[in-house]
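Enquirer: have a look at this prediction, sequence included:
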Amino acid sequence: MSRFKDAEHLLRLAAVFALGAVVLVVARAILVPKSFGEYGHYRGNAIAEIAAQPVKFAGHQACEACHADVATVKSKGMHVSVNCEACHGALASHADDPTGVQPPKLDTAVLCVRCHEVNGAQPKDFPQIVAKDHSAGVSCETCHQPHSPLIETGAKQ
Amino acid sequence: MNLTRRQLLLLLPAAAVAWESVLAGTPEASPNYKMTEHWWGMLIDISKCIGCGNCVRACATENDVPEGYFRTWVERYDVSDDDLVNPAVDSPDGGKEGFPLIQRGGKNFFVPKMCNHCADSPCTQVCPVGATFITPDGVVLVDKKYCLGCRYCIQACPYGCRFLNPKTNTAEKCTLCYHRITKGLTTACCENCPTGARQLADLKNPKDPIHAFLRTHDVQVLKPYLATGAKVFYNDLDGSVR
């Protein structure tokens, strides 16, 4: 070692670097979650965690499993494309426990006008009313059945 | 913040337990669901939207969206005959409680907006910690355990679909109801749309009616010139929509 008289401090420095590299590798192995990089540059388990969120709207299939009679009435009416929970609200709790959790009573004065009160931008062929001229305070279900709302006496409008 | 040694000693094991749960994750919730078999998007039919706000309310209920923030919202457009580039747009409380009657005389229609679940999304590219990502089935999600709350993704989204949750201080957005679609249900907004203006679409499923619809209708995505690979398809979209 005639050319590097003071090689010893270089070796010490190399040892420090080597130790640093080992610490980095070990710390990385401990700290990075096992599923990181499973599908890409993110924690793979996050997908399953997000998928585990509880459902609040049961879906109309769950409703129709018990309420087949209502589904039949609805399938022939104008409201065929309106799913149950669009009016009745989120009822997965009722689907899980049909006797324990009862759906709340509905107010047609609020529900019907949400869609049918004229707001100036609905499509032209959508049935729209001005509630105070149309019924003058008489509640909607006096004339219309919510599950099949068309009045089938006179001429269709 | 002043911590005594005693408080620190109490805090450290708690932090260790919390980190342990981050490392572990939770087991797969939907064993029959294969991510590689799906590629999710959505179809929004402007000609069917009536502005009832059902989707906005359903989303807030299903996902506990904080008051005043929206993962989906509805805009009402008023386009005057002589100024197509400056439409008047309103969205009172995101359209949550519907829209009051206005008569402004122009062309009026509703545009529901939400995350476009872009195939090449700008928001995931800018995340410095890998907290937001696109899943193998094409849904852009946020890992709230990893999110730092730096807001970079919120600025990056060209559609304004992200916000910082004021309670958790993490970025939040539409998950395309990932917890529902992996169980075979449709999203909360689609389930509650009374006119079928919103349809969940699986682009990898050859039997999905979306394919026939896309072939036979004038369908657009928002801001196509940004090449984000947006997967929310709008039927009957007016050229004035931004």
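Expert: That came in fine, so what should we check first? Numbering: from 1, shown residues only, chains lettered A, B, ... in the order given.
Enquirer: in chain A, which helix is the longest?
Expert: Among the segments of chain A that qualify as a helix by DSSP state H, the longest is helix A:7-31.
Enquirer: do the same with chain B
Expert: Longest helix in chain B, counting by DSSP H: helix B:5-24.
Enquirer: list of residues touching that helix?
Expert: Helix B:5-24 is contacted from outside by A:33-34, A:43, A:45, B:3, B:145, using Cβ atoms under 8 Å, 6 or more residues apart in numbering or on different chains. For every residue, glycine as well, the C-beta is placed using N, CA and C.
Enquirer: within its sheet, name the partner strands of whichever helix or strand comes after that helix and how each one runs.
Expert: Counting by DSSP states H and E, the element after helix B:5-24 in chain order, helix or strand, is strand B:40-45. Neighbouring strands of strand B:40-45 in its sheet, by DSSP bridges, are strand B:198-202 (antiparallel), strand B:232-235 (parallel).
Enquirer: can you redo those strands as CSV with mean neighbour count?
Expert: Shown next, in CSV, are the strands paired with strand B:40-45 (neighbours: other Cβ atoms under 10 Å in any protein chain shown):
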stretch, mean neighbour count
strand B:198-202, 21
strand B:232-235, 22
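Enquirer: just the strands in chain B please.
Expert: B:40-45, B:72-80, B:83-90, B:107-114, B:132-134, B:140-142, B:163-164, B:171-172, B:198-202, B:219-220, B:232-235 (DSSP state E).
Enquirer: of all the residues in chain A, which one is nearest chain B?
Expert: As assessed by Cβ to the nearest Cβ, chain B sits closest to A:Asn45 within chain A, at 2.4 Å.
Enquirer: what count of nearby residues applies to that residue?
Expert: 22 (other Cβ atoms under 10 Å in any protein chain shown).
Enquirer: related to what we said a few turns ago, any idea of the mean pLDDT in the longest helix of chain B?
Expert: In this model, helix B:5-24 has a mean pLDDT of 80.
Enquirer: and it, how far out from the chain middle?
Expert: 34 Å (Cα atoms, centre = their mean, to the nearest Å).
Enquirer: pLDDT weak spots in the chain?
Expert: No chain was given, so I picked chain A. Judged by pLDDT under 70, chain A has its weakly predicted residues at A:1-2, A:152-157.
Enquirer: nope, chain B please
Expert: Filtered on pLDDT under 70, chain B yields the residue ranges B:1, B:21-30.
Enquirer: one step back: from the contact counts, what lies against the longest helix of chain A?
Expert: Contact analysis of helix A:7-31 by 3 or more Cβ pairs under 8 Å, 6 or more residues apart in numbering or on different chains; DSSP states H and E lists no helix or strand as a packing neighbour.
Enquirer: for stretch A:55-72, buried residues please.
Expert: Residues A:55-60, A:62-64, A:71 are the ones in stretch A:55-72 that count as buried (16 or more other Cβ atoms under 10 Å in any protein chain shown).
Enquirer: closest one of those to B:Asn235?
Expert: A:His60 (23.0 Å; Cβ to Cβ).
Enquirer: about what we covered before: now for the strands paired with strand B:40-45, which one comes closest to A:Glu141?
Expert: Nearest to A:Glu141, of all the strands paired with strand B:40-45, is strand B:198-202, at 27.2 Å by Cβ to Cβ.
Enquirer: what comes into contact with that closest one?
Expert: Contacts to strand B:198-202, defined as Cβ under 8 Å, 6+ apart, come from residues B:38-45, B:55, B:112, B:176, B:181, B:186-187, B:189-190, B:208-210, B:231, B:233.
Enquirer: quick check: closest non-adjacent residue to B:Thr61.
Expert: Spatial nearest neighbour of B:Thr61, excluding adjacent residues (Cβ to Cβ, 6 or more residues apart in numbering or on different chains): A:Ala90 at 5.1 Å.
Enquirer: who touches residue 107 in this structure?
Expert: This is for chain A. A:Asp107 neighbours (Cβ under 8 Å, 6+ apart): none.
Enquirer: chain B is the one I meant
Expert: Applying Cβ under 8 Å, 6+ apart to B:Lys107 gives the contacts B:77-81, B:238.
Enquirer: separation between it and B:Ala88?
Expert: As for B:Lys107, its distance to B:Ala88 is 11 Å (criterion: Cβ to Cβ, to the nearest Å).
Enquirer: report the secondary structure state of A:Lys5.
Expert: coil (DSSP: H, G, I helix; E, B strand; the rest coil).
Enquirer: give me the phi and psi angles of it.
Expert: Backbone torsions for A:Lys5, taken as degrees, to the nearest 10, come to phi -70, psi -30.
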